Structure formats: C-alpha cells, structure tokens
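Trainee: I would like the atomic coordinates for the input below:
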Amino acid sequence: MAAIRIYQSDKLDAERAFPFEVGRFLLLPGRELCGFLIQTKEERGSFKRILNIAAKYNAILKLAYFYVTGGTKVIKVFFDLTDCTVPPEKLQKEIGNAESVLAVTRINPQIEGFLADTLSNPLLIGGARTILLRVPGYEGLICRVRERFGSAAEAFLYYQGIEVGVEYAKNHLEIANKLGIADPQKIFEDISLSMLNCMGMGKAEVIKHETNPLYIRIRIYNSFECEAGRGAKQPYSQLLRGVIAGILTELYKTKMTVKEQRCITTGDPYCEFEAKPEE
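Mentor: Next comes the predicted model:
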C-alpha cells in the first residue's frame with residue numbers, strides 16, 4: 001500500500017502550493033458536454049447520489065463546485081457525455097428525481113466541445129460581486145499599458161493599487177470585527193495576506209513585522225503581476241505593492257509606502273517588499 005502523506009497548511013510552503021481551478025468553462029474539442037445546476041436539501045449524501053446516477057450512465061465528471069445558502073445546497077457540475085448511454089434530458093430527469101434534490105437546470109454547450117456557465121450570475125466571493133481576469137486580460141492591463149505610457153502608467157498602477165488596497169482593508173476590518181480582532185498586525189498577517197492568497201495574487205508571508213517604529217517585510221511567491229512581467233530585468237511590481245500599501249495605510253491609519261527589494265523578474269525566487277510610514 002502506498003504511503004499517505006499528510007500536510008498542515010498553517011505555514012506557508014511554496015513547494016506544496018497546488019493550483020486550484022475555478023474555471024466556469026470547459027474546452028474539450030470533439031466531446032459532448034453538458035452542465036447542471038442542482039439545488040438540494042442540505043443533507044448528507046446528496047452529492048454522492050448525483051455522482052452515482054452519473055456513473056450508472058457513464059457520464060464523466062469534469063468540474064464540480066458547491067456551496068450552501070439558506071439551508072439549500074447548490075451544486076454545479078460539468079459532465080463529458082460523449083460515452084453516456086442516455087441523452088442529457090434523461091440524465092437531468094433522473095437527477096431531479098433523486099432523494100433530496102429540489103431542482104435541476106441544464107446548462108447546454110454553446111458550441112460542441114465548449115461549455116460555459118452562463119446561468120450563474122453575478123459571480124460572488126464572500127458575498128461580494130467578483131470578476132475574474134485571466135492572464136490574457138491582466139497582461140493587457142499591467143504590461144501593455146506600461147509599454148504604451150511608460151513611467152506614467154507605472155505611477156498610475158501604483159496609486160490605483162493603493163485605492164484598491166484601502167477598499168480591501170475596509171472589508172478585512174469588517175471581518176476582524178466579527179471575529180473580535182482589533183490588532184492591526186494580526187489583521188494584516190492572518191486576514192489580509194490570507195485574502196490576497198486566496199484571491200490568486202500570490203502566496204504571501206511576513207518576514208519581519210515591527211510596530212515601533214512601524215516596519216514590515218513581506219515575501220510573495222508567484223506574484224501574478226511580476227510573473228506577467230518576466231524578462232523586465234528590474235523590480236516590476238506597481239499594482240500589487242500599491243495594494244499592500246493601501247491595506248497597511250487603512251489598517252494602521254498611517255500613510256504607508258512600499259518598495260520592492262527583490263523580484264522574480266530579476267532572477268530572485270520570490271518578490272520581497274519593504275513597507276514603512278511615508279516620510
């Protein structure tokens with residue numbers, strides 16, 4: 001029997017970082033695809049029953065997401081039905097008749113081999129409306145605008161990041177208030193950086209955090225911004241370091257400035273930022 005490795009995730013370990021697919025579309029040319037948005041009672045075993053029905057007819061699960069709201073479990077599944085022994089209508093009907101299932105809505109492919117979730121709208125994270133920017137989108141936002149406008153674009157990205165960070169920090173303070181946390185250091189390290197991580201901006205950790213005088217060093221692995229700027233051969237972060245400055249400014253109620261000391265664009269294994277009050 002193969003050994004089972006068990007990891008703890010309470011500390012950052014860049015070598016044990018796993019990509020997480022949040023895609024709302026599926027691209028499998030030449031395959032027959034279909035999706036279902038399923039509402040069930042909040043009961044144990046409901047998802048397993050759905051999977052058992054799919055397996056019975058050889059419907060291959062490709063993507064699955066679910067959440068619970070107001071006592072109702074919402075499940076979104078994408079199947080490859082190329083070798084399925086029943087049509088999608090039959091599969092939908094049987095899933096709809098399963099125990100605890102309240103409703104099933106079919107998501108049909110837009111084109112053969114391409115299925116996108118056009119049913120779920122708006123997209124939310126933590127109850128707040130969200131948009132997703134894939135690499136082609138944010139490269140245009142970050143890289144192409146710099147090529148076109150140079151240092152003016154860099155300054156704009158930094159100050160834009162500050163405004164984004166301030167708004168993020170207001171939300172982090174709301175979370176902290178619900179948890180009974182008031183210490184800015186704890187809010188930044190345990191909430192703010194965790195949120196940056198789960199939003200896909202990079203895996204962040206604090207290397208040094210002094211409060212008198214205020215001084216913070218933050219290390220970020222696989223920064224989305226600097227990965228897009230590989231080859232620049234100079235520290236590349238403007239937007240993300242602005243976000244960090246904005247978060248710290250709002251949490252500490254002190255105008256902060258952030259400089260990038262190390263960067264993956266110059267061959268470093270990570271980006272490292274120094275934050276301190278603006279002189």
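
Trainee: Residue 67: how many residues sit nearby?
Mentor: The local packing of residue 67 (other Cβ atoms under 10 Å) involves 10 other residues. In this view, the C-beta of every residue, glycine as well, is placed from N, C-alpha and C.

Trainee: A helix includes it, no?
Mentor: No: assigned with DSSP: H, G, I helix; E, B strand; the rest coil, residue 67 falls outside any helix and is strand.

Trainee: and it, what are its bridge partners?
Mentor: Taking DSSP bridges, one finds residue 74 as the beta-bridge partners of residue 67.

Trainee: Would you confirm that it contacts residue 74?
Mentor: Yes: with contact taken as Cβ atoms under 8 Å, residue 67 and residue 74 are classed as touching, separated by 5.7 Å.

Trainee: Regarding the nearest residue to residue 260 once chain neighbours are set aside, which helix or strand does it belong to?
Mentor: With Cβ to Cβ, 6 or more residues apart in numbering as the measure, residue 235 is the residue that lies nearest to residue 260, at 4.1 Å, once sequence neighbours are left out. Here residue 235 sits in a region with no helix or strand, counting by DSSP states H and E.

Trainee: Burial check on residue 235, number of neighbours?
Mentor: One way to gauge burial is a neighbour count; for residue 235, by other Cβ under 10 Å, it gives 21.

Trainee: do the same with residue 30
Mentor: Other residues lying near residue 30 total 7 when counted by other Cβ under 10 Å.

Trainee: Now do the contacts for the closest residue to it other than its chain neighbours.
Mentor: Residue nearest to residue 30 in three dimensions, not counting chain neighbours: residue 113, with 5.7 Å by Cβ to Cβ, 6+ apart. Each residue near residue 113 by Cβ atoms under 8 Å, 6 or more residues apart in numbering is listed here: 27, 28, 29, 30, 31, 33.

Trainee: quick revisit: please verify my assumption that the residue nearest to residue 260 contacts residue 267.
Mentor: No: assessed by Cβ under 8 Å, residue 235 is found out of contact with residue 267, at 11.6 Å.

Trainee: Please tell me how far stretch 251-267 is from the chain's geometric centre.
Mentor: Relative to its chain's centre, stretch 251-267 lies at 22 Å (Cα atoms, centre = their mean, to the nearest Å).

Trainee: quick one: average confidence on it?
Mentor: Computed over stretch 251-267, the mean pLDDT rounds to 96.

Trainee: contacts for it?
Mentor: Applying Cβ under 8 Å, 6+ apart, the contact partners of stretch 251-267 are 169, 172-173, 184, 187-188, 192, 214, 222-223, 226-227, 229-237, 241-242, 244-245, 248-249, 268, 270-279.

Trainee: switch to 6 Å and redo it
Mentor: With Cβ atoms under 6 Å, 6 or more residues apart in numbering as the contact definition, stretch 251-267 has outside contacts at 169, 184, 187-188, 226, 229-230, 232, 235-237, 241, 244-245, 248-249, 268, 271-275, 277-278.
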